[in-house]
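Engineer: coords please:
(one chain, ligands or ions: 2)
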Amino acid sequence: MAATQLVNPDLVKERQNAAFSPEHLTYFLYGGPEKTKRKRFLQNLVIEGVKKLGVKQYATVSREEQYEQALQKYAYLVDTERQLGITNSTDKALLHEAVFPCESFPYILQYAAFINPFTMLASEEQKAKWLPLMKNFRLVGTYAQTEMGHGSFLRGLETTATYDPSTQEFVLHSPTISSIKYWPAGLGKTANACIVMAQLITKGHNYGMHAFLLQIRDLDTHQPLSGITVGDIGSKFGLSANDNGFLKMDNVRIPRNNMLMRHSRVLPDGTYIEPKNDRLMYGGMTSIRTDVVGVASRRLCIAVTIAIRYSAVRRQSEIEPGAGEVQVLDFQTQQYRLFPQLAAAYATTFASTTISAFYRTVSPHIERGDLQELPMLHALSAGLKAYTSWTCADGVEVCRLACGGHGYSEASGLPKAYVDTTAACTYEGENYVLILQTARYLMKCCRMLAEGEQVPEVMDFLRPSTSETSRLDARLVMGDLIQAFAHRAARMTRDAAQSMQTSIVKGENPGQAWNSNSVQLVAAAKAFTELHVVRVFAEAVETMRGSLRHVMESLWRLFAVNNIVSSLGDFLVDGYLSTQQVSLLEPAQRDLLKELRPDAVSLVDALDFPDGVLDSALGRWDGQVYEALYDYSLRSKLNEKQVLDAYLKHQRPFMESQWKKHAASAVTSRL
Ligand SMILES: CCCCCCCCCCCCCCCCCC(=O)SCCNC(=O)CCNC(=O)[C@H](O)C(C)(C)COP(=O)(O)OP(=O)(O)OC[C@H]1O[C@@H](n2cnc3c(N)ncnc32)[C@H](O)[C@@H]1OP(=O)(O)O
Ligand SMILES: Cc1cc2nc3c(=O)[nH]c(=O)nc-3n(C[C@H](O)[C@H](O)[C@H](O)COP(=O)(O)OP(=O)(O)OC[C@H]3O[C@@H](n4cnc5c(N)ncnc54)[C@H](O)[C@@H]3O)c2cc1C
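Structural biologist: Ligands and ions are numbered 1, 2, ... in the order given. Model (predicted):
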């Protein structure tokens with residue numbers, strides 16, 4: 001951010017009026033002054049580097065060009081990483097964010113869902129053989145699990161891997177149209193290999209879904225190998241730079257050793273050796289789900305930065321007649337729409353940090369074969385992936401709408417942020433399917449408690465509490481608010497368990513009982529996940545001090561109060577909150593909006609997105625939005641020529657023919 005840059009005076013005023021230092025909050029978010037300095041250095045370096053590549057703005061080019069530009073940018077990114085010797089995941093993520101701001105790219109799964117699951121599922125010998133090829137891009141890969149007919153219900157996958165002991169090979173086959181692999185990112189045109197998930201059949205027995213390494217294209221010519229039919233699935237709602245693909249395998253033979261054999265194995269004679277736990281096959285998905293929490297929360301952070309800065313610059317309408325037009329951020333309704341998104345952006349950021357830390361703590365235990373924490377990790381990562389992608393996708397759309405007409409322009413950066421975030425509600429496990437996994441864990445914990453067994457500490461909220469009514473009063477004490485979320489989650493979980501029991505007593509089998517109560521189960525799992533998010537946000541705030549603590553506590557309160565108000569029935573149904581307590585909440589919410597108003601711009605500044613990442617005419621740091629919008633429009637492809645060929649080809653003949661018809665009929669009528 002150049003000091004000499006001409007900055008919109010409203011933004012200058014906003015920044016002067018903040019009650020806290022945004023720089024301190026930035027340090028908190030990025031791990032201190034040194035790490036912040038490094039973050040800025042890295043992101044600015046590649047933003048400038050990308051400019052020199054001569055690529056055009058994402059929104060102004062066709063899908064084919066987006067794809068090509070993404071390949072070009074990725075090559076630049078990897079070269080830069082290597083030149084700088086970057087190996088740690090935080091630096092890599094920051095670089096990716098700056099090179100591909102809210103944009104997918106064809107190699108997105110190379111690490112996330114090719115190398116990572118391979119590393120988890122392959123034996124040491126397999127890793128020694130293939131990892132160097134993967135890490136040096138001789139093999140470019142993806143994760144081919146979903147089929148046309150099945151994505152959620154993995155036991156229903158139809159692709160088969162049948163072992164042939166006579167040649168010591170597996171035969172990979174897509175037996176039906178619905179078994180065609182469909183959706184894998186980068187599969188269409190980019191990948192030359194993939195991890196294929198298929199039903200393992202040996203000695204006539206089906207042992208369920210297993211992972212196989214399959215080469216799909218020639219490593220030099222890039223032509224599909226024999227028996228492989230592969231291609232791009234076509235245009236989608238978004239993620240245009242990604243060649244999500246299809247793959248049909250026609251009795252393709254691969255060596256026995258291409259089955260990933262860390263946990264389960266097939267011996268040369270076809271004997272199957274079982275894994276310690278068959279859920280270890282799902283480990284790759286758990287890893288990406290924790291990443292998705294972070295990806296979604298960054299998108300909301302970007303959207304809210306754009307919308308709040310723009311709302312401080314945009315002046316329209318008067319509050320007091322004759323007193324002049326106000327910044328739209330001064331309208332209470334604008335604050336009511338945007339500030340809860342700001343709070344959710346911070347809440348999901350802290351949720352992402354904690355689930356990643358939990359994943360890093362637990363995965364070495366799982367690696368060692370200690371699977372005790374696996375169910376909790378699965379339940380929490382599934383719940384948070386669903387909760388965060390829902391919250392952030394909805395939040396990005398609220399931000400877009402709050403920018404009025406200009407929010408509808410690609411120049412705002414908000415449409416691409418939305419299509420990118422809403423995809424996360426589906427990929428890596430459709431959200432309802434995932435949150436029901438969290439509910440399954442909640443039901444299990446209820447049973448364990450009923451039988452006097454220990455549950456993990458995070459699940460302690462399920463223990464019967466002595467207090468059936470809340471102490472909440474006008475001070476909105478943090479502990480009282482958290483207790484309200486804990487009470488709600490416990491009550492809804494117990495009610496769901498009770499309803500399940502009633503269904504079973506009425507004669508339903510467990511599957512039917514689950515389905516009859518699944519709306520309630522989803523609600524309970526969302527309540528549990530929201531409790532977790534409220535808690536981790538509070539824990540982060542409690543480590544802050546001074547004016548920063550004060551403003552972040554208000555933001556936390558807004559998050560809590562807003563979520564109570566938007567699901568009020570949940571808190572009232574058993575009388576936990578009284579109507580008198582509830583009547584305090586909406587006025588408190590309005591007071592919090594007012595209190596946060598002077599700090600709103602600084603709270604988004606603290607998120608520290610350079611303009612290159614925001615990629616938005618409305619969200620720019622200097623607030624020169626009209627100049628940027630006008631410049632964007634002038635660069636529209638339609639403006640490259642004053643009179644288009646299409647005018648000569650279609651418009652002029654059309655206009656002429658219409659006019660001639662009119663003239664002819666006018667003559668006819670005169671006759
Ligand atoms: C550093 C650089 C950064 C660069 C930037 C890049 C960052 C990358 C970010 C990501 C970008 C993303 C790009 C897009 C990627 C999309 C990839 C995909 O969609 S891929 C496709 C994604 N596709 C999907 O996600 C498919 C979704 N479907 C599924 O996962 C499964 O079918 C299922 C879980 C729903 C059911 O499975 P089923 O076998 O029927 O299981 P049951 O229900 O019968 O439960 C049985 C028992 O198993 C247990 N358990 C279950 N799972 C797990 C687990 N993971 N673990 C542990 N346990 C698990 C369960 O709790 C239960 O335990 P218990 O109660 O008995 O004790
Ligand atoms: C952008 C994008 C990228 C992707 N990338 C990849 C990739 O790289 N690799 C890959 O393998 N896959 C990929 N996928 C596929 C993705 O993982 C699946 O689409 C996803 O898991 C959902 O499965 P489905 O499409 O079969 O949905 P379905 O299961 O058909 O969902 C349809 C509806 O049925 C409901 N439903 C299904 N089962 C249940 C249930 N048990 N209980 C209640 N409701 C249920 C769902 O909630 C949903 O509302 C990608 C998808 C997208 C959109």
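Engineer: center of the protein - which residue?
Structural biologist: Geometric centre of the chain, nearest residue: Ala296, 3.2 Å, by Cα atoms, centre = their mean.
Engineer: Just checking the distance from the one helix or strand it maps to to the centre of its chain.
Structural biologist: Using DSSP states H and E, Ala296 maps to helix 283-313. Relative to its chain's centre, helix 283-313 lies at 7 Å (Cα atoms, centre = their mean, to the nearest Å).
Engineer: Do it and ligand 1 come into contact?
Structural biologist: Yes. Counting by Cβ under 6 Å from any ligand atom, ligand 1 is contacted by helix 283-313 at 285-286, 288, 291-292, 295. C-beta here means a position set from N, CA and C on the backbone, and glycine is covered the same way.
Engineer: for the stretch 1-150 of the chain, what spans make up the helices?
Structural biologist: 9-17, 22-30, 33-53, 63-84, 89-99, 109, 116-121, 124-135 (DSSP state H, counting those that start in this stretch).
Engineer: For Gln658, find the nearest of these.
Structural biologist: Closest approach to Gln658 among the helices of the stretch 1-150 of the chain is made by helix 63-84 (33.8 Å; Cβ to Cβ).
Engineer: Now do Ala386: how many residues are near it, please.
Structural biologist: Look at Ala386: counted by other Cβ atoms under 10 Å, it has 30 neighbours.
Engineer: I should have written Pro464 there, sorry.
Structural biologist: For Pro464, the count of nearby residues is 8 (other Cβ under 10 Å).
Engineer: so how far is ligand 1 from it?
Structural biologist: 23 Å (Cβ to the nearest ligand atom, to the nearest Å).
Engineer: Taking the stretch 501-650 of the chain, what residue is nearest to ligand 1?
Structural biologist: Trp514 (9.8 Å; Cβ to the nearest ligand atom).
Engineer: That residue sits in which helix or strand?
Structural biologist: Per DSSP H and E: helix 510-516 holds Trp514.
Engineer: ok, is the very next helix or strand once past that helix in contact with ligand 1 or not?
Structural biologist: Next helix or strand after helix 510-516 toward the C-terminus (DSSP H and E): helix 518-542. No. Helix 518-542 is not in contact with ligand 1 by Cβ under 6 Å from any ligand atom; minimum separation 12.3 Å.
Engineer: helices and strands around helix 518-542, which ones?
Structural biologist: The contact analysis (3 or more Cβ pairs under 8 Å, 6 or more residues apart in numbering; DSSP states H and E) places helix 518-542 against helix 332-367, helix 374-401, helix 431-450, helix 478-505, helix 546-566.
Engineer: hey, which of those helices is tucked in deepest?
Structural biologist: Comparing these by mean neighbour count (mean count of other Cβ atoms under 10 Å), helix 374-401 ranks first with a mean of 25.
Engineer: tell me how far that one is from the chain's mean position?
Structural biologist: Using Cα atoms, centre = their mean, the offset of helix 374-401 from its chain centre is 7 Å.
Engineer: Also compute the angle for it relative to helix 518-542, please.
Structural biologist: In terms of direction (axes from the mean of the first three to the mean of the last three Cα atoms, to 10 degrees), helix 374-401 departs from helix 518-542 by 80 degrees.
Engineer: could you check the angle helix 374-401 makes with the helix or strand following helix 374-401?
Structural biologist: Of the helices and strands lying after helix 374-401 in sequence (DSSP H and E), the nearest is helix 414-423. Inter-element angle recorded for helix 414-423 and helix 374-401: 160 degrees (by the same axes, to 10 degrees).
Engineer: mind checking how far Ser633 is from ligand 2?
Structural biologist: Counting by Cβ to the nearest ligand atom - Ser633 and ligand 2 are separated by 30 Å.
Engineer: check contacts around the residue in the chain that ligand 2 sits nearest to.
Structural biologist: Per Cβ to the nearest ligand atom, Gly151 is where the chain lies closest to ligand 2, at 2.4 Å. By Cβ atoms under 8 Å, 6 or more residues apart in numbering, Gly151 lies in contact with 145, 183, 430.
Engineer: re earlier: for the helix or strand following the helix holding Ala296, which outside residues touch it?
Structural biologist: Sequence-wise, the next helix or strand downstream of helix 283-313 (DSSP H and E) is strand 315-318. Identification of contacts with strand 315-318 by Cβ under 8 Å, 6+ apart yields 10, 324-328, 331.
Engineer: can you pick the most crowded of the residues you listed?
Structural biologist: Taking other Cβ under 10 Å as the neighbour criterion, Val328 ranks highest of those with 21 neighbours.
Engineer: residues in contact with it?
Structural biologist: 311, 314-317, 334.
Engineer: Could you measure from Ala144 over to Met285?
Structural biologist: Counting by Cβ to Cβ, to the nearest Å, the gap between Ala144 and Met285 amounts to 13 Å.
Engineer: Report how many residues lie close to the residue of the stretch 401-550 of the chain found nearest ligand 1.
Structural biologist: The minimum distance from the stretch 401-550 of the chain to ligand 1, using Cβ to the nearest ligand atom, falls at Gly429 (3.2 Å). Gly429 sits with 25 neighbouring residues when counted by other Cβ under 10 Å.
Engineer: which of the contacts of Gly151 tops the neighbour count?
Structural biologist: Going by other Cβ under 10 Å, Gln145 tops those with 24 neighbours.
Engineer: what mean pLDDT does the helix holding Ala296 have?
Structural biologist: Averaged across helix 283-313, pLDDT comes to 96.
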